[in-house]
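Q: compute the structure for the input listed below.
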Amino acid sequence: MIAEPAWKRIGLSEPPEQNSGEGIGMIILDDIVPHVSLRHLKGSVKQVKVHKDFTISCSDVFDEPLTEKVTRETEHGLMVLSLLAHQSMEYNKNLYTGLAPSANFIFLSATKPERIKAGLEWIMGQGWKTRILLNLLVPQEMGWMSPTNQDPYVQALQPALDAGLLVVSAGGNSRAHNNLHPKQFFVVGGFNDKGSRDRSGYEVHPSASYGLNGDGHWRPDLLAPYTYLPLPSLTGKKGLDYFGGTSGASTVIAGLCAYFMSIMPDLTPNDIRNVLTETGDVLKGFPAPIVNGDKAMRALKGGYRNSQPPSSEPKVLVTDENRSILSEDPLERALALTMLIKKGKLTREEIWCYTEDESPMVKKVAIEGLGNPVDPIEREKYWEKVHKESSESGVKEYWAYTLLKTTTKEELHKWISLSGYKTIDIWICINLFLRKYYPNAPEMEITPDPDPELMDSIIEPVLDWYKDYRNAIDK
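A: Predicted coordinates for the structure are as follows:
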């Protein structure tokens, strides 16, 4: 497959110039190494690390010896930086280029929230003209629902908000997520464009998170392509590598924002956030507007300015959890249930009752509250729930992830029984189980592409292996 360039797929009719992003500093919560494919960025990429004793080190990444090696640990940051700033290349009659190649990039290792906060405070004092923070941390505390200001990772990013940065956040790659990002973050979700700007092929992506956060605000704000975001091969072969997920979607939007800021220096973060959401294409059935770069550009060049920040005031507050647990509002019930469980006010039997709630949000809180099954009988009930529940809001997947924490080698047949559910989260669970207990089984190459034929091809070697394994046992 040859995917169209990212700049086309976010609605631009022309690629950004090589000076796109000039004068703009972008903090990226990730790690980076001096890869040979990005050596042209010497002098414009820093790595900041906050150590356990809270001392801070900062290095110019491309002053270090170059490497050709790409590992699972380094691939993510390299793909993020490459999408933003790779050198232009022509391939298959398409021009591929980074979205903000002249920006300055400050990578901050994403570890404990206290260390992220200390790193941001230090960066804010360096005079590096930082305007954007790219937050690639997916939502935390998957099951609980609480006010977003209680999340330590939200608190960690407060120095960037206080300094007036535009915080662009990856919306999350699993419907199992529950408490989503706060309204103060510009949250980017993903949709499946199948590698092309042809709108007739657009689909809602079955893994991308959407819904209410703990304050009652709908997330995400904007959608961008989720699959097959192309960049020059990192391994030196001719052709393209591909990035995906909301990490990729949020990266291309951060690059677009840096592009706008560099050509129109008067723009505020809220000008850009508002214009992108207001000019996005609204398609029936999609959870947020789809980015349209040209429409946003025309509006900004035509004088559009709106620095009004979106309201982040909580829409739902719980002051009496015993009363709110009876509410008809599912978010209010989910908030109240979280409080009751954390305060130890419910028996296990009472928590089980909420796994039958009509709201997936409440169900996921109850699953988190139950935690690991307490005995084999209850474990069977968990497996029954995996098969019974729907994937639409990630409840099925949440049960599976919970079971995975305490699974044993003897549950092989149970994990294989889930192979009929073609969701990426279930695929991840099966693969993690096999890697731990049956390393000789074929490794599943998990892809963000939800195409059924592709997913069949991924699981088929595992099913063949399982058949041979069972035959060998039965002999």
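
Q: name the element the residue nearest to the spatial centre of the chain belongs to?
A: The C-alpha lying nearest the average C-alpha coordinate of the chain belongs to G172 (CA atoms, centre = their mean; 3.3 Å). Following DSSP states H and E, there is no helix or strand that holds G172.

Q: give the closest residue to it in space, chain neighbours not counted.
A: S209 (3.4 Å; CB to CB, 6 or more residues apart in numbering). All C-beta atoms are positioned from the backbone trio N, CA, C, and that covers glycine.

Q: who's in contact with S247?
A: H76, V80, L136, A170, N173 (CB atoms under 8 Å, 6 or more residues apart in numbering).

Q: quick one, phi psi at it?
A: Note on S247: its backbone torsions stand at phi -60, psi -40 [degrees, to the nearest 10].

Q: tell me where the model's unsure across the protein.
A: Scanning the chain for pLDDT under 70 picks out the ranges 1, 140-141, 475.

Q: quick check: longest helix of it.
A: In the chain, with assignment by DSSP state H, the single longest helix is helix 452-474.

Q: for that one, buried residues please.
A: The neighbour-count check on helix 452-474 (16 or more other CB atoms under 10 Å) flags M455, I458, I459, V462, W465, Y466 as buried.

Q: list the contacts of the nearest residue to the second one once chain neighbours are set aside.
A: The shortest distance from I458 to any non-neighbouring residue, by CB to CB, 6+ apart, is to M444 (5.3 Å). Neighbour list for M444: W427, I430, N431, L434, I458, I459, V462 [criterion: CB under 8 Å, 6+ apart].

Q: tell me who's in contact with the first one.
A: Spelled out, that is W427. Here W427 is in contact with M444, I446, M455, I458, I459 (CB under 8 Å, 6+ apart).

Q: tell me the phi and psi of it?
A: According to degrees, to the nearest 10, W427 has phi -60, psi -40.

Q: repeat that for the fourth one.
A: Phi and psi for L434, reported as degrees, to the nearest 10, are phi -60, psi -40.

Q: helix or strand: which one has the nearest residue in space to it that is not next to it in sequence?
A: Excluding its sequence neighbours, the residue lying closest to L434 (CB to CB, 6+ apart) is A441, at 4.4 Å. Under DSSP H and E, no helix or strand contains A441.

Q: so who does A441 touch?
A: Counting by CB under 8 Å, 6+ apart, A441 touches L434, V462, W465, Y466, Y469.

Q: now name the helix or strand holding the closest residue to the fourth one other than its chain neighbours.
A: Spelled out, it's Y466. For Y466, ignoring the flanking residues on the chain, the nearest one in space by CB to CB, 6+ apart is I416 at 5.2 Å. Assessed by DSSP H and E, I416 sits inside helix 412-416.

Q: by contact count, what packs against that helix?
A: helix 424-437, helix 452-474 (3 or more CB pairs under 8 Å, 6 or more residues apart in numbering; DSSP states H and E).

Q: specify the angle between the shortest one and helix 452-474 in degrees.
A: The one in question is helix 424-437. 30 degrees (axes from the mean of the first three to the mean of the last three CA atoms, to 10 degrees).

Q: count of residues packed around K381?
A: Residues lying near K381 (other CB atoms under 10 Å) number 13.

Q: that one touches P373, doesn't it?
A: Yes: the criterion here is CB atoms under 8 Å, and K381 meets it with P373 at 7.5 Å.

Q: in contact with the residue nearest to G172, which residues?
A: Applying CB under 8 Å, 6+ apart, the residues contacting S209 are 138-139, 171-175, 177, 180, 189, 219-220, 246.

Q: who wins for neighbours among those residues?
A: G171 leads the contacts of S209 on contacts (other CB under 10 Å) with 31 neighbours.

Q: coming back round to it: other residues contacting the longest helix of the chain?
A: 412, 416, 419, 422, 427, 430, 434, 438, 441-442, 444-447.

Q: ok, those vs P159, which is closest?
A: P159 lies nearest to I446 out of the contacts of helix 452-474, by CB to CB, at 34.6 Å.

Q: show me the strands in the stretch 151-300 of the chain, by range?
A: Ranges of strands within the stretch 151-300 of the chain are 166-170, 186-192, 203-204, 211-212, 218-219, 222-225, 229-232, 240-243, based on DSSP state E, counting those that start in this stretch.

Q: each with direction, which strands does the fifth one pair with?
A: The pairing partners recorded for strand 218-219 under DSSP bridges are strand 211-212 (antiparallel).

Q: then the third one?
A: Taking DSSP bridges as the criterion, strand 203-204 sits next to strand 186-192 (antiparallel) in its sheet.

Q: the last one now?
A: Partner strands and pairing direction for strand 240-243 (DSSP bridges) are strand 229-232 (antiparallel).
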